[in-house]
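[1] Below: sequence and its predicted model.
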Amino acid sequence: MRIARYRAAALVISLALSFLAGILVSRNLQITNYTHFECVRPADFSDRANSDKSGSETLNDASVAASSSSNADISTGNRHACENPYIQPGYLLNKGPGIEYATSWVPFYPGLLDTDADDSTVLMKNKHPYYPDGLPPNALLETAPHQWMQNLIKQYRLADKNKTASSLNEDEKQLLFSLNADLEWLRDMRILFLSDSVDRYQIQYICERLDQPFRLGQGGIQATSSCHIPHLNVTFVNWHFASTSVSRPDWWWMKNMHTVKFEDRWDEIYKPTIPAVIGANGRSPDLILINAGLWDYTFFLNAPKNYDGPVKMDRSLNWRELKFYMQRLRHIIRLVRQEFGDNVPMICRTTTFKKSLYTNSAIFDLNRAQRFVCRDQDIEIFDYGDLVSGRFKMYKDMVHIARGPLSMLWSNMLFWYLYRVRGGVEYRGKLLEVPGPSYIDPSEGWKKCHTALMDPVNSTHSI
């Protein structure tokens, strides 16, 4: 009897194993039928470093191929040429003469760890590894994105000196001539910021560095503000985004702010300033930056006051809050495009953290939700919040970034996107496509690399 039971059990187990094996084989066969995509190896840093050692300024073969890409190759999404340095892993370099003006984001590219170690990595002191401070090798620095803000400051100061002081010497004249040509693409641009005081301060810092006034519109500091750079006819306009809320609760922390809902602010506050943000195409700004973060953070975390619930500033957002936020943000983006057109170039700035280690949970939630909505709406990410996270010593208060290295980073990031609006293409420190003298519509310049940069493979981030 027992033997019969054992045989029956063995039969059942055998049948089960056969069934599982069949499933595994079937899945294996399905996997082998998937289309196989082969990634092309990008030009890496080790090749760049080797060329630097040999004294040659030429790139390796793969990089040269990328550098010589035609417009057709770029417009169809050549990932080699269309690469965003500010979403690559890297570090913020702000060492050297005039620390603020030596600021640069230095990306890490493939092959970096395969280069020969320099002396700073193998020095010993008291029988222990010794790491004295110093600059990275030139081969790495040369891959850093262009320093547009630094060049703009040099241009302005030389031009101002030429007007107000004795004439420039020959070297200064040559430099000014070169800078004028280098920055001509920036002329006549109009940039709209639908954001908060984080960006408002950054715009103000640009104006201060170029000795230009920062102007507040009607309605006070949380309404509209602007800055104009006369010698290039560039205008920055900030529309203060007072959260995605659809009402103004009685507990609203800004007592002098009577209009909160975006649609109402559009009619009462933003609409009168639209002529100032329209670019040369006659219908839209050249670029729109949007951010919905710190004000939504304060709104959601204080929302329990509406029903006498507990206020906990260290909590995360719940599902209903996130769903409301994402739907409202998508709706607002669509309203903006109704006004300025579906093809207006837009970027989405990630929110900077508050100067606290314990109350940023909701900002993490909002950033992830904002990334999702913006990518869903075909908007590229301006990942400033990630790059400056944790650098609280460079804040001016609990919320705002101070003028200094981090504001230089913000300006250079913004100009990198504006360069693309004009049809320019920069690849690992090299200006592959320089905008010509004739006007190009923002949507035409933007689309050269937009599709490639929206590819998830080419849009990594660390948060």
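    Good, I have the coordinates.
[2] ok, and the closest non-adjacent residue to residue 201?
    Closest residue in space to residue 201, ignoring its immediate chain neighbours: residue 400 at 5.3 Å, by CB to CB, 6 or more residues apart in numbering. Bear in mind the C-beta positions are built from the backbone N, C-alpha and C, glycine included.
[3] Actually, residue 227.
    Nearest residue to residue 227, sequence neighbours excluded (CB to CB, 6+ apart): residue 207, at 4.0 Å.
[4] Run through the residues that contact that neighbour.
    Neighbouring residues of residue 207 by CB atoms under 8 Å, 6 or more residues apart in numbering: 213-214, 227, 229, 236.
[5] swap in residue 248?
    Counting by CB under 8 Å, 6+ apart, residue 248 touches 257-261.
[6] Confirm that it sits in a helix.
    No - Residue 248 sits outside any helix when classified using DSSP: H, G, I helix; E, B strand; the rest coil, being coil.
[7] Would you mind measuring from it to residue 301?
    Applying CB to CB, to the nearest Å, the value for residue 248 to residue 301 is 17 Å.
[8] again with residue 444
    Counting by CB to CB - residue 444 and residue 301 are separated by 43 Å.
[9] These two - which one has more neighbours?
    Neighbour count, other CB atoms under 10 Å: between residue 444 and residue 301, residue 301 has more, with 20 against 15.
[10] May I see the buried residues of the host helix or strand of the more buried one?
    Element membership for residue 301 (DSSP states H and E) is helix 294-302. Neighbour counts over helix 294-302 (16 or more other CB atoms under 10 Å) mark 294-301 as buried.
[11] now do stretch 238-249
    By 16+ other CB under 10 Å, the buried positions in stretch 238-249 come out as 238-245, 248.
[12] what's the closest of those to residue 149?
    residue 238 (17.8 Å; CB to CB).
[13] my read: the closest one touches residue 201, true?
    No - Residue 238 is not in contact with residue 201 according to CB atoms under 8 Å; the separation is 9.7 Å.
[14] At which residues are the strands of the stretch 251-400 of the chain located?
    287-290, 346-349, 380-382 (DSSP state E, counting those that start in this stretch).
[15] The last one pairs with which strands, and in what direction?
    Based on DSSP bridges, the pairing partners of strand 380-382 within the sheet are strand 346-349 (parallel).
[16] number of nearby residues for residue 360?
    19.
[17] so how far is residue 92 from it?
    The gap separating residue 360 from residue 92 is 20 Å, by CB to CB.
[18] How about residue 330?
    Taking CB to CB, one finds residue 330 at 32 Å from residue 92.
[19] do residue 172 as well
    30 Å.
[20] And for residue 410?
    12 Å.
[21] When the two are compared, which one has more neighbours?
    Higher neighbour count among residue 410 and residue 92: residue 410, with 25 against 17, using other CB under 10 Å.
[22] Helices of the stretch 101-250 of the chain, residue ranges please.
    Secondary structure of the stretch 101-250 of the chain (DSSP state H, counting those that start in this stretch): helices located at 138-141, 148-164, 170-182, 197-209.
[23] for these, which one ends up most surrounded?
    Of all these, helix 197-209 carries the top mean neighbour count, a mean of 21, counting by mean count of other CB atoms under 10 Å.
[24] That one relative to helix 294-302, how many degrees between them?
    150 degrees (axes from the mean of the first three to the mean of the last three CA atoms, to 10 degrees).
[25] how distant is helix 197-209 from the center of its chain?
    17 Å (CA atoms, centre = their mean, to the nearest Å).
[26] Give me the average confidence score over that helix.
    On average, the pLDDT along helix 197-209 is 96.
[27] can you check stretch 434-444 too?
    So the average pLDDT for stretch 434-444 ends up being 89.
[28] now it: how far from the chain's centre is it?
    Once both centres are worked out by CA atoms, centre = their mean, stretch 434-444 turns out to sit 22 Å from its chain's centre.
[29] And residue 311, what's its pLDDT?
    Value for residue 311, per-residue pLDDT: 88.
[30] Pop out the phi and psi values for the closest residue to residue 389 other than its chain neighbours.
    Nearest residue to residue 389 in three dimensions, chain neighbours excluded: residue 353, at 5.6 Å (CB to CB, 6+ apart). The phi/psi pair for residue 353 (degrees, to the nearest 10) reads phi -80, psi 150.
[31] looking at it, residue 353 is touching residue 363, isn't it?
    Yes - assessed by CB under 8 Å, residue 353 is found in contact with residue 363 at 5.6 Å.
[32] Which residue would you name as the spatial centre of the chain?
    Centroid-nearest residue in the chain: residue 382, 2.0 Å away (criterion: CA atoms, centre = their mean).
[33] is it possible to export the strands of the stretch 251-400 of the chain to JSON lines including mean pLDDT?
    Formatted as JSON lines, the strands of the stretch 251-400 of the chain follow (pLDDT from 0 to 100):
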{"stretch": "strand 287-290", "mean pLDDT": "98"}
{"stretch": "strand 346-349", "mean pLDDT": "98"}
{"stretch": "strand 380-382", "mean pLDDT": "97"}
